[in-house]
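Visitor: my questions are about this predicted structure, shown below with the sequence.
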Amino acid sequence: MTYCVGLLLNEGMVLLSDTRTNAGLDNIATYTKMFSFEDPGERVVTILTAGSLSVTQTTMARLREAIDAPEASAESSIMLAPTMLKVAEILGNTLAGVRADIDGKMNAAKSSATASMIVAGQRAGGAMRLFLIYPEGNFIEATEDTPFLQIGEHKYGKPILDRVVKPSTSLSDAQKAVLLSMDSTLRSNLSVGMPLDLAVIARDACRVTMRRRIEAGDADFAAMSEAWSKALRDGFSRITL
């Protein structure tokens with residue numbers, strides 16, 4: 001399983017994913033689940049993936065093929081689409097098509113494969129937008145009322161986001177919020193694991209303005225995790241009934 005989260009803020013977007021993929025306790029591997037496509041100054045599209053690796057890898061491969069195809073058009077390529085809404089539609093249709101193809105092959109085994117994705121981005125002259133793409137290809141969009149979206153093992157990391165994140169949250173505080181959200185998930189679910197991929201897209205930059213890989217044993221992440229644990233213990237001890 002996995003955990004990915006994306007925030008849509010006044011100052012920009014913050015994205016975080018883990019990299020663990022497992023098929024049983026004795027078959028654990030690391031795969032990147034964050035993919036960025038850029039034409040700096042013109043557009044940026046970043047995709048986070050969760051679910052069946054066969055579905056997500058095939059979907060990403062088809063998206064890249066569509067970008068590189070000689071007949072690439074605004075209807076087929078996320079790098080030529082006129083709006084981020086169209087990018088979400090292309091991604092949704094591709095994901096749904098891959099899922100249907102793989103499900104058809106797996107029907108004999110009476111099993112299925114599924115995946116979901118988050119897509120964030122901006123094109124020059126357009127607004128920043130953040131979408132959650134469901135396995136069936138339909139999607140929802142982040143709004144001022146709900147400025148964050150999650151996929152995968154989201155329940156452990158949601159409480160801090162509900163309490164802290166608002167559209168006015170700064171990019172520095174947003175990075176802290178998503179990392180603490182991930183820390184809570186790492187502590188509660190072994191199917192989510194390091195390293196972590198963190199990215200920031202500043203408003204109107206139309207490129208990834210900060211990218212960081214956080215490895216297991218990272219001193220800054222460990223210090224933040226311990227400080228958060230201490231703050232929770234101290235707060236708990238001060239509450240009286």
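Guide: Yep, that arrived.
Visitor: so which strand or helix has the closest residue to residue 31 other than its chain neighbours?
Guide: The shortest distance from residue 31 to any non-neighbouring residue, by CB to CB, 6 or more residues apart in numbering, is to residue 21 (4.9 Å). Any C-beta I mention is one placed from the backbone N, CA and C, and that applies to glycine too. For residue 21, the host element (DSSP states H and E) is strand 20-22.
Visitor: follow-up on the earlier one: count the residues that sit near the residue nearest to residue 31.
Guide: 20 (other CB atoms under 10 Å).
Visitor: can you name the residues that contact it?
Guide: Contacts for residue 21 (CB atoms under 8 Å, 6 or more residues apart in numbering) come out as 2, 28, 29, 30, 31, 53.
Visitor: rerun at 7 Å
Guide: Contacts for residue 21 (CB atoms under 7 Å, 6 or more residues apart in numbering) come out as 29, 31, 53.
Visitor: also residue 178?
Guide: 5, 7, 14, 16.
Visitor: so the first one sits against residue 14, correct?
Guide: By that I understand residue 5. No - counting by CB atoms under 7 Å, residue 14 is not a contact partner of residue 5; they are 8.3 Å apart.
Visitor: related to what we said a few turns ago, which among the contacts of residue 21 count as buried?
Guide: residue 53 (16 or more other CB atoms under 10 Å).
Visitor: which members of the contacts of residue 21 are positioned in strands?
Guide: Among the contacts of residue 21, DSSP state E puts residue 29 in strands.
Visitor: and which of the contacts of residue 21 is nearest residue 46?
Guide: residue 31 (16.3 Å; CB to CB).
Visitor: ok, that closest one touching residue 20?
Guide: No - in this structure residue 31 lies outside contact range of residue 20 using CB under 7 Å: 8.2 Å.
Visitor: give me the element residue 177 is part of.
Guide: For residue 177, the element it lies in under DSSP H and E is helix 171-188.
Visitor: chain center to that helix: distance?
Guide: 13 Å (CA atoms, centre = their mean, to the nearest Å).
Visitor: do the same with stretch 195-204
Guide: Relative to its parent chain, stretch 195-204 has a centroid offset of 10 Å by CA atoms, centre = their mean.
Visitor: tell me the centre residue of this structure?
Guide: Residue closest to the mean C-alpha point of the chain, counted by CA atoms, centre = their mean, is residue 48 at 3.5 Å.
Visitor: for the longest helix along the chain, buried residues please.
Guide: Assignment by DSSP state H gives helix 84-106 as the longest helix of the chain. Buried residues in helix 84-106, counted by 16+ other CB under 10 Å: 84, 86-92, 94-96, 98-99, 102.
Visitor: ok, stretch 167-178 next?
Guide: Residues of stretch 167-178 classed as buried under the neighbour-count rule (16+ other CB under 10 Å) are 169, 171, 174, 175, 176, 177, 178.
Visitor: so what does the strand or helix carrying the residue nearest to the centre of the chain touch, helix or strand wise?
Guide: For residue 48, the host element (DSSP H and E) is strand 43-51. Where contact means 3 or more CB pairs under 7 Å, 6 or more residues apart in numbering; DSSP states H and E, strand 43-51 is packed against strand 3-8, strand 12-17, strand 34-39, strand 115-123, strand 148-152, strand 196-202.
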